[in-house]
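Visitor: From the sequence below, what's the structure:
(one chain, ligands or ions: 1)
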Amino acid sequence: MPIVMTEKNKRIINVLENKKSDQVPFWFMRQAGRYLPEYRELRAKAGGFLNLVYNPDDASEVTLQPIRRFGMDAAILFSDILVIPHALGQDLRFETGEGPKLNALKNVEDIQNLNVLKIDETLNPIYQTVSQTRKKLADEGFNDTALIGFAGSPWTVACYMIEGGGSKTFEKTKKWAYSDPKSFETLINTLIDATAHYLIKQIEAGAEAIQLFDSWAGVLDHYNFKRWVVNPTAKIVKIIKDKHPKIPVIGFPRDAGEKSIEYVNETGIQAIGLDFSMEPLWAKENLQTLMPVQGNLDPVALLSGGDVLKRSAIDILETFGDEPFIFNLGHGVIKETPPEHVEELCEIIRSF
Ligand code: CP3
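Guide: Below you'll find the predicted structure:
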């Protein structure tokens, strides 16, 4: 039997159900990772990032590390958005200091060679990580901490698959999508199927909420945003909801700006993650009136600490804190961030 349970005392789940909360719940994107010495130690022992990700004992340990230190209201599964291309058969490497590298997709044949039917052969350890993490959270008394599962959205994952790694503008991917949308759509459809399946398996292993990361949503013009960000996200949300109607989905269309309104109205998500470029008052008036929002402290304010951190965090809390709101960063924790600054931020949020 799949375990799908949420408990009433989990603040984040309450907020995602659009209820107000006695305290503002919080978690931070990339809360597990290189800024924590205990992460760096385990990663060195494991001999690389992917070894960690595919080892349920290690990955569940890393998921819990920030919870033990800081007691966030949610743990996020320790994995990466690029396990989907990997599971589909694309070569994936993480070279220290260089970011991810994949063997770039070049043509329709490369897309046709991706195999959705076999993804669980690669992804099974990740489902085990989810169930082990739920068990460890309960065993260690973190009964109010929700477990968030995640995946990248098709557009963002396609960007890495076609560029073969990171990029500033993702021009190769955009050119393919703009000039040959038919073949690009076959890739997006493959990613919709794989991602929906992967997320349903995470839910059935114990994930209580899902976040979809669309880190490169902001590079598209309006027409292509609708076609490659909004529509595929709506399809994934629908497939998940048909099976698990109560599991909330948080969308994070980074740098989407005012196109976020359309994203909120047309995807079926329950909450929207705001990047740090989003003006809080605009977001309060145009987005938080429609659904709970999550965000959006600049990770550099956290890196800086002191007065900048305090002022920025309080400003966000004062803007969003009266309506359903989850405090988060506007992008991931930067690896040079002192853990003491994270502790300070937790204190600021808790005492608000
Ligand atoms: O938030 C968490 O704590 C959960 C784990 C998580 C990771 N990656 C771990 C990771 C999550 C949610 C992600 C998402 C992810 N991965 C995104 C979307 C969010 C975003 O940042 O925009 C993207 C674009 C990726 C792809 C990716 N993975 C890149 C570009 C990199 C290299 C950049 C970097 O920070 O080094 C990674 C590697 C990665 N993913 C690390 C971690 C902890 C660092 C790996 C290491 O230990 O060297």
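
Visitor: residues in contact with the helix or strand containing Ile210?
Guide: Counting by DSSP states H and E, the element that carries Ile210 is strand 209-214. Contacting residues not belonging to strand 209-214 are listed as 12-13, 16, 74, 76, 81, 146-153, 155-156, 199, 202-203, 229, 233, 236, 240, 247-254, 256, 269, 273 [Cβ atoms under 8 Å, 6 or more residues apart in numbering]. (Glycine included, C-beta is placed from N, CA and C.)

Visitor: Please repeat the previous calculation with a cut-off of 7 Å.
Guide: 12-13, 16, 81, 146, 148-153, 155-156, 199, 229, 233, 236, 240, 247-254, 273 (Cβ atoms under 7 Å, 6 or more residues apart in numbering).

Visitor: Can you flag which of these belong to strands?
Guide: 146, 148-152, 249-253, 273 (DSSP state E).

Visitor: Go through those and give me the one with the most neighbours.
Guide: With neighbours taken as other Cβ atoms under 10 Å, the top of the ones in strands among the contacts of strand 209-214 is Pro253, carrying 32 neighbours.

Visitor: How far does stretch 268-275 stretch from one end to the other?
Guide: Using Cα to Cα, to the nearest Å, the span of stretch 268-275 from its first residue to its last is 19 Å.

Visitor: what about the strand holding Ile210 and the ligand, any contact?
Guide: Yes. Counting by Cβ under 6 Å from any ligand atom, the ligand has neighbours in strand 209-214: Phe213.

Visitor: what lines up beside that strand in the sheet?
Guide: strand 146-152 (parallel), strand 249-253 (parallel) (DSSP bridges).

Visitor: and those as TSV, adding mean pLDDT?
Guide: Formatted as TSV, the strands paired with strand 209-214 follow (pLDDT from 0 to 100):
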stretch	mean pLDDT
strand 146-152	98
strand 249-253	98
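
Visitor: Any residues of the stretch 201-350 of the chain in contact with the ligand? List them.
Guide: So far as Cβ under 6 Å from any ligand atom goes, the stretch 201-350 of the chain lies against the ligand at 213, 215, 332.

Visitor: quick one: which helix or strand includes the residue of the stretch 251-352 of the chain found nearest the ligand?
Guide: Going by Cβ to the nearest ligand atom, the ligand is nearest to Gly332 of the stretch 251-352 of the chain, at 4.6 Å. Taking DSSP H and E as the definition, Gly332 sits outside all helices and strands.

Visitor: Count the neighbours of the residue in the stretch 201-350 of the chain that the ligand sits nearest to for me.
Guide: Going by Cβ to the nearest ligand atom, the ligand is nearest to Ser215 of the stretch 201-350 of the chain, at 3.2 Å. Residues near Ser215, counting by other Cβ under 10 Å, number 22.

Visitor: OK, contacts around it?
Guide: Shown in contact with Ser215 (Cβ under 7 Å, 6+ apart): 156, 254.

Visitor: Need the phi and psi values for it.
Guide: Dihedral angles of Ser215 (phi, psi; degrees, to the nearest 10) stand at phi -60, psi -30.

Visitor: Surely Gly295 forms part of a helix?
Guide: No. Assessed with DSSP: H, G, I helix; E, B strand; the rest coil, Gly295 is strand; it does not lie in a helix.

Visitor: How about it, nearest residue that isn't a chain neighbour?
Guide: Of all residues not flanking Gly295 in the chain, Leu274 sits nearest, at 3.3 Å (Cβ to Cβ, 6 or more residues apart in numbering).

Visitor: With Val130 instead?
Guide: Ala205 (3.8 Å).

Visitor: quick revisit: tell me the first helix or strand C-terminal of the strand holding Ile210.
Guide: Next along the chain after strand 209-214, taking DSSP H and E as the criterion, comes helix 222-225.

Visitor: Return the set of buried residues in that next one.
Guide: Within helix 222-225, the residues that count as buried by 16 or more other Cβ atoms under 10 Å are 224-225.

Visitor: show me what contacts Leu64?
Guide: Listed by Cβ under 7 Å, 6+ apart, the contact set of Leu64 reads 75, 133, 136.

Visitor: Top of these by number of neighbours, please.
Guide: Result: Thr133 is most packed of these (other Cβ under 10 Å), 28 neighbours.

Visitor: what about that residue, which SS state?
Guide: Per three-state DSSP, the secondary structure class of Thr133 is helix.

Visitor: The residue nearest to Val130: neighbour count?
Guide: Using other Cβ under 10 Å, Ala205 has 23 other residues around it.

Visitor: ok, it touching Ile126?
Guide: No. Ala205 is beyond contact range of Ile126, at 8.4 Å (criterion: Cβ atoms under 7 Å).
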